[in-house]
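Asks: curious how this folds, go ahead:
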Amino acid sequence: MPANVQIYTDGAARGNPGPGGYGVVLLSGQHRKELSEGYKKTTNNRMELLAAIVGLEALKVEGCNVTIYSDSEYVANAVAKGWVFGWEQKRFKGKKNPDLWLRFLKVYRKHSVSFVWIKGHAGHPLNERCDQLATEAADGINLKEDTGYLNSLA
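Replies: Numbers count the residues shown, from 1 in each chain. Modelled structure (predicted):
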């Protein structure tokens with residue numbers, strides 16, 4: 001029987017672009033895992049999308065039933081309304097973040113994934129925890145390079 005997994009995600013950027021980070025809380029049965037990482041220069045949308053990617057990539061088996069809770073309308077609507085599949089057919093021409101969308105689609109297709117948009121900063125405990133993880137990562141030291149963002153500027 002496939003595992004049921006809940007993934008809560010958030011992304012943050014100090015300036016847009018600026019230092020950024022993502023936060024993820026994964027829940028499955030009695031298991032809970034938190035993930036976060038910060039980047040020197042990125043955007044809020046990249047971090048929101050990267051949070052969903054990292055959450056899915058952390059799953060150890062394929063075929064999970066996954067619900068991703070995100071306060072990003074950009075990410076939730078792109079998938080729930082099917083926009084990303086049209087972007088993919090057009091090879092992301094004129095769209096931002098194709099590197100991350102391609103990475104997302106690769107891992108998305110390994111599971112049965114649905115998105116639930118939740119209002120950010122509305123007191124939802126797990127969304128607030130993800131926000132804390134994301135902002136702490138953005139404010140951290142030893143920030144990584146977001147090479148996908150930097151390459152998009154070239």
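Asks: how about residue 117, nearest residue that isn't a chain neighbour?
Replies: Spatial nearest neighbour of residue 117, chain neighbours left out: residue 76 (4.1 Å); criterion: C-beta to C-beta, 6 or more residues apart in numbering. (C-beta placed from N, C-alpha, C; glycine too.)
Asks: let me know the secondary structure of that neighbour.
Replies: The three-state label given to residue 76 by DSSP: H, G, I helix; E, B strand; the rest coil is helix.
Asks: burial of it, as a residue count?
Replies: By other C-beta atoms under 10 Å, 21 other residues sit near residue 76.
Asks: how about the contacts made by it?
Replies: Each residue near residue 76 by C-beta atoms under 8 Å, 6 or more residues apart in numbering is listed here: 68, 70, 115-117.
Asks: of those residues, just the buried ones, ChimeraX syntax please.
Replies: To isolate the buried ones among the contacts of residue 76 in ChimeraX, judged by 16 or more other C-beta atoms under 10 Å, type:
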select :68,70,115
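Asks: with secondary structure and pLDDT added, can I get the contacts of residue 76 in JSON lines?
Replies: Shown next, in JSON lines, are the contacts of residue 76 (DSSP: H, G, I helix; E, B strand; the rest coil; pLDDT from 0 to 100):
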{"residue": "68", "secondary structure": "strand", "pLDDT": "98"}
{"residue": "70", "secondary structure": "strand", "pLDDT": "96"}
{"residue": "115", "secondary structure": "strand", "pLDDT": "96"}
{"residue": "116", "secondary structure": "strand", "pLDDT": "95"}
{"residue": "117", "secondary structure": "strand", "pLDDT": "94"}
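Asks: now, among the contacts of residue 76, which is nearest to residue 104?
Replies: Proximity of the contacts of residue 76 to residue 104 (C-beta to C-beta) peaks at residue 68, which lies at 10.5 Å.
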